[in-house]
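Trainee: coords please:
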Amino acid sequence: MAEIKHNTLNDYLNSLKEKNGSTSNIPQLFFIWGEEFICRKVFDTVISFLLPNDLRELGYELLEGEEASIPVVIERICTYSFFQERRVIAIKNAPLFNVPGTSPSQGFLKNDIENLKNLIERGFPENHYLVITSPNADKRRNLFNTIKTSGIAIDCSVAQGSGKTDKEEQTELLRLTMKMVLDRAGKGIDGDAFQALVDMTGFDPATLNDNLERLTSFIGNKNTITIEDVYKVVKRSRKDPIFELTNAVAQKNLESSIFYYKSLCDNGFHPLQLLAAIVNQIRKIFVVKIFIETQVQKGNSCWRQGNQNYQHFTANTMPFITKADEELDKIIVQWGEELKNRDAEDKLESNLDDSYESDSDDEELNVKPTKASKRKKKGDPDKKSGANKGKTTDLIIASNPKSAYPIFQTFLRSDKFKLSELATIMAELSEMDYKFKSSSDGDPFIILEEMIIRICTNNFHNNGALLR
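Mentor: As a prediction, this is how the structure comes out:
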């Protein structure tokens, strides 16, 4: 059959309806995987397509709890109904594929999955259908290929990244969710109210759906949901990603920085975690600022502060960045070789001394050195190991030159800082990290908050005052 995206499901089902009177073209297996809220909607659509309301009472069986196992699924799908020909067996959130980071024991047994795969390949009894939802799928597995070949796989996943394309896909799904709820209720919503609602829930279609339904009930006879309605009814449930904080700090946006800092602290983040994220962001900006200053000293105007677009950056700045990274990498490799050779010389001198002492002892005891005593110890410098490979460093600006846009954003952020200011910030952040790990003096939540305020307000005239 095929694999389709969830937003093309209606077109696909309509194409099956066009072939009147025939069920041979309808796949007997529907595998739905991805974002839970979308899976629920797609699942309901598929069940309604296979079994209209008048057929559902006798022909539909949803397996839950202990029954939601592969042996039971196989038994039920192969059992004929006494009441009607069409029979649909369904199972939700089936762990057919292990979730990354979990143990295989949390999924189905390997032997059971193999039995299901064999049954799918052989085919189900006529007019018997199996509908499965799963939180994830592994397209590399033979089981997924079997499902896609014999049935239909419906991809309900949504990009979870923070890039422009991912954000647009997330926003589009939230708007479709909003339209579905409001159209059903015959209501509307102000643009500001919708944005406030999204800001309070984040990318969570299920929560957005529930909040919109509550709002449509709350406004009663009113036709439009306003931002005041949102603030009265909805509580903030969004869990902010840590990059929201680091981006706000890098932009010197004080209001957003404090907002996200407190939100992350309320969600259980420790100041050390947030400090590490801020250090990582400031370090990137510091490295970029050093690069810019170095290029200026060389007479290369590859970056024009406050007056450069992305196209100019990729064409004029990236070549200089790539060259500087290559030169730095060569220096680091050279340093590694020099250190390795120096270490090898030291070990050779030490071995010679040990050998001399050993030979003297052997002569006194009239014992010859054995082969084992002459073997090289594990870790000798001439032994091939990963130590001979080039090392990575966070001083490299473009670790992935093909993805230039994040680098461009870091250059834009660097315009907000002076080189001397960044050096002071890095020194104080380092001292703060040591303080947090070695002493219980002071409240780390307050200390880090004050540091964020100082970064955003350019207040570094009294270096290290907070830590003394």
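Trainee: Glu421 versus Thr457, what's the distance?
Mentor: 12 Å (CB to CB, to the nearest Å). For glycine as for every other residue, the C-beta is placed from the backbone atoms N, C-alpha and C.
Trainee: Would you mind telling me which of those two has more residues around it?
Mentor: Of the pair Thr457 and Glu421, Glu421 is the one with more neighbours under other CB atoms under 10 Å, namely 15 against 10.
Trainee: Just the pLDDT for that one.
Mentor: We have a pLDDT of 92 for Glu421.
Trainee: count of residues packed around Arg342?
Mentor: As a burial measure, Arg342 scores 11 neighbours (other CB under 10 Å).
Trainee: That one is in what secondary structure piece?
Mentor: Assigned by DSSP states H and E, Arg342 belongs to helix 318-365.
Trainee: where in the stretch 251-400 of the chain is pLDDT low?
Mentor: Where the stretch 251-400 of the chain drops to pLDDT under 70, the residues are 349, 351-393.
Trainee: Give the full set of residues in contact with the nearest residue to Thr165 once chain neighbours are set aside.
Mentor: Nearest non-adjacent residue to Thr165, counting by CB to CB, 6 or more residues apart in numbering: Ala159, 7.0 Å away. With contacts defined as CB atoms under 8 Å, 6 or more residues apart in numbering, Ala159 is in contact with 165-166, 169-170.
Trainee: ok so Glu61 is a helix residue?
Mentor: No: the assignment for Glu61 (DSSP: H, G, I helix; E, B strand; the rest coil) gives strand, which keeps it out of a helix.
Trainee: Was I right to think it contacts Val88?
Mentor: Yes: if you go by CB atoms under 8 Å, Glu61 and Val88 touch, sitting 7.2 Å apart.
Trainee: Quick check on those two: which one has the bigger neighbour count.
Mentor: With neighbours defined as other CB under 10 Å, Glu61 and Val88 compare such that Val88 has more, 22 against 15.
Trainee: Now the element after the strand or helix carrying the more buried one, going C-ward?
Mentor: Element membership for Val88, per DSSP H and E: strand 87-91. On the C-terminal side of strand 87-91, the closest following helix or strand by DSSP H and E is helix 110-122.
Trainee: three-state assignment of Ala137?
Mentor: In three-state terms, and counting by three-state DSSP, Ala137 is coil.
Trainee: excluding its backbone neighbours, what's nearest it?
Mentor: Leaving aside its sequence neighbours, Ala137 sits nearest to Trp33 (CB to CB, 6+ apart; 4.3 Å).
Trainee: what does His128 give?
Mentor: Counting by CB to CB, 6+ apart, the residue nearest His128 is Arg87, at 5.0 Å.
Trainee: can you check Ser81 too?
Mentor: Arg87 (4.8 Å).
Trainee: Val158 contacts Thr171, doesn't it?
Mentor: No: contact criterion CB under 8 Å: Val158 and Thr171 do not qualify, at 10.6 Å.
Trainee: With neighbour numbers in mind, choose between the two.
Mentor: It is Val158, of Val158 and Thr171, that has more neighbours when counted by other CB under 10 Å, with 18 against 12.
Trainee: so who does the more buried one touch?
Mentor: 34-35, 38, 169-170, 173, 203.
Trainee: tell me the SS of it?
Mentor: Assigned with three-state DSSP, Val158 falls in the coil class.
Trainee: All further residue positions should be reported with the first residue as 27.
Mentor: With the count now opening at 27, the last piece we talked about shows up as Val184.
Trainee: ok, it to Glu62 distance?
Mentor: Between Val184 and Glu62 the distance, using CB to CB, works out to 11 Å.
Trainee: Run the chain-centre distance for the host helix or strand of Ile173.
Mentor: Applying DSSP H and E as the criterion places Ile173 in helix 168-176. In terms of CA atoms, centre = their mean, to the nearest Å, the gap separating the centre of helix 168-176 from the centre of its chain is 26 Å.
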